[in-house]
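# Requesting a structural model of the entry that follows:
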Amino acid sequence: ASYSTHGGFAAIEGIIMPLGRTQPGETEAIENALGWGNWDVETNKPTRAGLRDEAALNDQAWRVASILWRQKGMRVVPLFTEKFAAFWFSTDQILDTRSLPLRGRLARMAGVAVYWIALVLAILGWLRLRSTNPRMAKSLILYAVVLTAFHLPLTMNTRLRVPLFDPLLATLAGCSIYRLRTSRLYTSSSAH
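Modelled structure (predicted):
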């Protein structure tokens, strides 16, 4: 990406604010690492003129991100685990909502519970697809693995998963529901 607020900046956020939910001190840590933040770039204030062009800012962010990742060393394993859990299981919607009122936290927990049910149904739908169309099932797994791996160095949360995977998960879950429903109808009609 040639925009400074994507690409390299997202890689820095992926280390400093990995779930994209700004916590105290993260904004300052990004400014300390880069000397600027995307809020400085995406503004019409006169301070914007003091920053370099987008491509130069992006290059700078990639260089700083590579240094920060090297400094992280083996500590990337728990960080990647946390990101993976937030991305696929929406754990960030349960664990990182302390700033919300109780009603908001409960609504998010209910949403996550519904998502988990849909995820289980999607897995069942994928297993059915694997038995009927193994090539398509393998393609879907490859898509999920590649896009998940691609996002691990960047900020990773449910907002990224939604456009990339949720329509597919909903389709697979729908197939699973349809299959369960038709098998029940077939069972009940054959019993009569």
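
# For this structure, just list every one of the helices.
Using DSSP state H, the helices assigned to the chain run over residues 8-16, 26-34, 38-41, 54-72, 76-89, 92-95, 102-132, 134-151, 158-191.

# Comparing those helices by mean pLDDT, which bottoms out?
Ranked by mean pLDDT, the helices of the chain end with helix 38-41 at the bottom, a mean of 74.

# Alpha carbons of that helix, as PDB, please.
The C-alpha atoms that make up helix 38-41 are tabulated as PDB, following Å, rounded to 0.1, in the frame of the first residue of the first chain:
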ATOM      1  CA  ASN A  38      -2.400   8.500  11.200                       C
ATOM      2  CA  TRP A  39      -4.400  11.200  12.900                       C
ATOM      3  CA  ASP A  40      -1.600  13.600  11.900                       C
ATOM      4  CA  VAL A  41      -1.800  12.600   8.300                       C
END
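
# Now the residue nearest to the spatial centre of the chain: closest residue in space, sequence neighbours ignored.
Residue closest to the average C-alpha location in the chain (Cα atoms, centre = their mean): residue 157, at 3.2 Å. Spatial nearest neighbour of residue 157, excluding adjacent residues (Cβ to Cβ, 6 or more residues apart in numbering): residue 20 at 4.7 Å. In short, each C-beta sits where N, CA and C put it, glycine included.

# next one: residue 151
residue 160 (6.1 Å).

# Count the neighbours of that neighbour for me.
18 (other Cβ atoms under 10 Å).

# Could you do residue 125 as well?
Each residue near residue 125 was counted by other Cβ under 10 Å, and the total is 25.

# residues touching it, list them.
Residues in contact with residue 125 (Cβ atoms under 8 Å, 6 or more residues apart in numbering) are 171-176, 179.

# is it true that residue 179 touches residue 127?
No: checked against Cβ atoms under 8 Å, the pair residue 179 and residue 127 is beyond contact range at 10.2 Å.

# re the thing from before, for the helices of the chain, which one ends up most surrounded?
Mean neighbours per residue, mean count of other Cβ atoms under 10 Å, is largest over the helices of the chain for helix 8-16, with a mean of 23.

# Send me it as PDB with only the CA atoms.
Below are the C-alpha coordinates for helix 8-16, written out as PDB (Å, rounded to 0.1, in the frame of the first residue of the first chain):
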ATOM      1  CA  GLY A   8       3.500   0.200   7.200                       C
ATOM      2  CA  PHE A   9       1.400   2.100   9.700                       C
ATOM      3  CA  ALA A  10      -0.900  -1.000  10.100                       C
ATOM      4  CA  ALA A  11       2.200  -3.100  10.700                       C
ATOM      5  CA  ILE A  12       3.200  -0.800  13.500                       C
ATOM      6  CA  GLU A  13      -0.300  -0.900  15.000                       C
ATOM      7  CA  GLY A  14       0.000  -4.700  14.700                       C
ATOM      8  CA  ILE A  15       2.700  -4.600  17.300                       C
ATOM      9  CA  ILE A  16       1.800  -1.700  19.500                       C
END
